[in-house]
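S.K.: Dropping the sequence and predicted coords here.
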Protein chains: 2
Amino acid sequence: MRLKSVQGGRVGHRYGRDYRPRTPRGLVSRALGAETIYLEEVEKELEETVGEVNRTWGGDFAVREGKWKRLFQDAKVEGRTIVHLTMYGTPLQDEIAELRKRESFLLAVGGPKVPGEVYKLADYNIAVTSQPHSEIAALAITVHDLQRGEELKKVFGDYKLKIVPSARGKQVEQKP
Amino acid sequence: MRLKSVQGGRVGHRYGRDYRPRTPRGLVSRALGAETIYLEEVEKELEETVGEVNRTWGGDFAVREGKWKRLFQDAKVEGRTIVHLTMYGTPLQDEIAELRKRESFLLAVGGPKVPGEVYKLADYNIAVTSQPHSEIAALAITVHDLQRGEELKKVFGDYKLKIVPSARGKQVEQKP
């Protein structure tokens, strides 16, 4: 599966203060098998964090700058299905079978300031519950279901450190 | 399914700055069917946000103060299975069949400052990938898989506002 994620419009958060949600969003996209995250404005901090995570834990997940509209256009040309995550959309569980027929996606995750056009231009507006919670949780569950959990087995090449799963405690393998 | 979540030890974040992760953690727990979130220290802000969300969108999700060790002891007495989420644990996909045999859970989510005892006293140490990402994403995927996605259909009683899922745009029903 080919997967990109994009921030669809200005990031905001309905409840609570701004809590710098971009770093976890990038790391979640990476850990769960996306190739790239696009943001309208890339913060240096996020770029550095992702670079450090790639060097340490492997893989070549990318952070890019891009405007959502242009990315939507590119996605259409590339044959990517555009899925916009919003609590107003149709339930994930009602669309997942249909979505799984597709091979490549652009996932758009925004906040309350998402322009109305995003709703119109997306192929699907999808809700992970119609309750307010977290864009990161919605992204995680969608990506997990789209890939039927296969993303949890992803191997990241060219790592310095690798965790050896263990029932108790912490075990880390260091590349010689 | 009966589900509680607890912050297992001091909250921290391995990468990036502290981004006040407690509000989304509470809202994710609520949206995905947990009864209560326990924190070692309850911030007024989180309590107010959850109260406002309950009044507006329904349900009676609770925020409580509690020390992880005491909660672990109570969980054992109540017959709850304690699942500690950590990138060092055994893969979720390897344990999910076993976990689904249980009826009630205490989910412990911490940061890098989690005491070693948490690893020992938990019934399971579970990893949602062994990659660094987000405790909120790990919590969301675990709760989603434990409940086989049934939590997405949860109905929240006694609401003022309710979203009517729609393919385009925003539709909200207001209780008369």
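M.R.: Ah, there it is. Numbering: from 1, shown residues only, chains lettered A, B, ... in the order given.
S.K.: From now on I want contacts and neighbour counts done on CA atoms only, so please keep to that.
M.R.: Will do.
S.K.: how much space between A:E103 and A:K69?
M.R.: 21 Å (C-alpha to C-alpha, to the nearest Å).
S.K.: now the strands for chain A?
M.R.: Counting by DSSP state E, one finds strands in chain A at the ranges A:2-7, A:36-39, A:62-65, A:81-91, A:104-109, A:124-127, A:161-163, A:172-174.
S.K.: okay, now A:K76: neighbour count?
M.R.: The local packing of A:K76 (other C-alpha atoms under 10 Å in any protein chain shown) involves 17 other residues.
S.K.: if I pick A:H133, what's in contact with it?
M.R.: Contacts of A:H133 were listed using C-alpha atoms under 8 Å, 6 or more residues apart in numbering or on different chains, and they are B:24, B:27-28, B:31.
S.K.: Centre-most residue in chain A?
M.R.: Closest to where the C-alpha atoms of chain A average out (C-alpha atoms, centre = their mean) is A:S29, at 3.7 Å.
S.K.: returning to that earlier point: okay if I get the strands of chain A as JSON lines plus distance to A:A97 and mean pLDDT?
M.R.: What follows is the strands of chain A, written out as JSON lines (distance: least, C-alpha to C-alpha, whole Å; pLDDT from 0 to 100):
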{"stretch": "strand A:2-7", "distance to A:A97": "17", "mean pLDDT": "70"}
{"stretch": "strand A:36-39", "distance to A:A97": "24", "mean pLDDT": "88"}
{"stretch": "strand A:62-65", "distance to A:A97": "29", "mean pLDDT": "91"}
{"stretch": "strand A:81-91", "distance to A:A97": "12", "mean pLDDT": "95"}
{"stretch": "strand A:104-109", "distance to A:A97": "15", "mean pLDDT": "92"}
{"stretch": "strand A:124-127", "distance to A:A97": "13", "mean pLDDT": "97"}
{"stretch": "strand A:161-163", "distance to A:A97": "33", "mean pLDDT": "95"}
{"stretch": "strand A:172-174", "distance to A:A97": "38", "mean pLDDT": "94"}
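S.K.: got a markdown table for these, with mean neighbour count too?
M.R.: Listed next are the strands of chain A as a markdown table, based on neighbours: other C-alpha atoms under 10 Å in any protein chain shown:
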| stretch | mean neighbour count |
| --- | --- |
| strand A:2-7 | 22 |
| strand A:36-39 | 22 |
| strand A:62-65 | 17 |
| strand A:81-91 | 24 |
| strand A:104-109 | 24 |
| strand A:124-127 | 26 |
| strand A:161-163 | 17 |
| strand A:172-174 | 11 |
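S.K.: Identify whichever of these lies nearest to B:Q171.
M.R.: strand A:81-91 (6.9 Å; C-alpha to C-alpha).
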